[in-house]
Structures are given as C-alpha cells and as structure tokens.
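*Asks:* fold the following, please.
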Amino acid sequence: MIRFNDLKSTEKPGYRLRGENANVISLPIIQELLLQYNDEQFGLPITIKNDQIKSGGIFNSHIEDCLILTNTEHENDYFKYCITLKKQGKMATIDMQYYGRSVLTGKKGKEEARDNTISGMIINMVKGTSQVAMDAEYEYYAMLETMFGEVF
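*Replies:* A predicted model of the protein is given here:
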C-alpha cells in the first residue's frame, strides 16, 4: 500500500476520456493497453501490478485502487509510477504520478552539495555519478511518459 503523501506529480495533466470510452475504461484495461502498446512500440522493461493508495488519517482514511509501473531491470533504484483512474459523471480521468527513490538522483544531489568545498570536489572526482547512467534513467522516464500520453 502506498501513502498518498509519498506521491509526486509528473507535472503532466491527467488524461480525460468521455462518452463510451469513459464508461468501459478500468484499471485492468489500462494495464492491458499499456503492456500491449509497450510490447508493440517501445519494448521497455516494465512490470505493472495492482496496489492501493491510502490517504487521510486514522478516522477519515480513504483507500483507492491503482496500478504500479516498475522498471524490471531497476526495481529498487528507479522511481516507480502510480496510475489512478477516477470517474465522475460521463468523464474518466487517468493520472500518472511517481514515488520512491532514484539511487542516481540521490547520489547526484550529494555531489552537488559537496561541490562547494575543495575536499568535496576531490571526492566527487573519485566517486562521481555516471552521467551516461543518469541520462539513461531519465530517458527511460521520458519514454514511459511518452508512451502513456500516446496510449491515452
């Protein structure tokens, strides 16, 4: 279960469906569409599973179903994406947020903090984060968000 407060915005708008599409869309259909489109167009190493988001406090908690999209090659060191579906009236909104941690982003943040001292700069030269690995990670996120946008 994911805590609502751990989710961060991708700063992309939610995708809105209306009419017949809004009536039939569901999380299992979203999962199937994303996996199928990924196989056909992108070939990214992803897994999608069901989970839930908990928000609110002890006496007013709310549980919402969601899908979690994970990189199968970097399960514990890339951010994970959380996909939600909300229906209201004749509209459905599909949102994608992220959570978790990125090992490389964390290392890069520490490097930037150390850049203000001579000893920090020396440490960064020895233990520096691979820019190639950082670029690959962020290209994966960009491709994932592109795929999501193309599907919806």
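
*Asks:* give me the contacts around the helix or strand hosting I68.
*Replies:* Assigned by DSSP states H and E, I68 belongs to strand 62-71. Defining contact as Cβ atoms under 8 Å, 6 or more residues apart in numbering, one finds that strand 62-71 is touched by 1-2, 27, 30-31, 34, 44-56, 78, 80-85, 140, 144. Backbone N, C-alpha and C define where each C-beta goes, glycine included.

*Asks:* partners of the following helix or strand past it in the sheet?
*Replies:* Using DSSP H and E, the helix or strand that directly follows strand 62-71 along the chain is strand 80-88. Listed by DSSP bridges, the sheet partners of strand 80-88 and their directions read strand 62-71 (antiparallel), strand 91-99 (antiparallel).

*Asks:* buried subset of the contacts of strand 62-71?
*Replies:* Burial of these was assessed by neighbour count (16 or more other Cβ atoms under 10 Å); the buried members are 2, 27, 30-31, 34, 44, 46, 48, 53, 78, 80-85, 140, 144.

*Asks:* point to the residue nearest the middle of the chain.
*Replies:* Ranked by distance to the mean C-alpha position of the chain (Cα atoms, centre = their mean), the top residue is Y81 at 2.2 Å.

*Asks:* and the pLDDT at that residue?
*Replies:* pLDDT for Y81: 96.

*Asks:* contacting residues for it?
*Replies:* By Cβ under 8 Å, 6+ apart, Y81 lies in contact with 10, 68-70, 96-98, 144.
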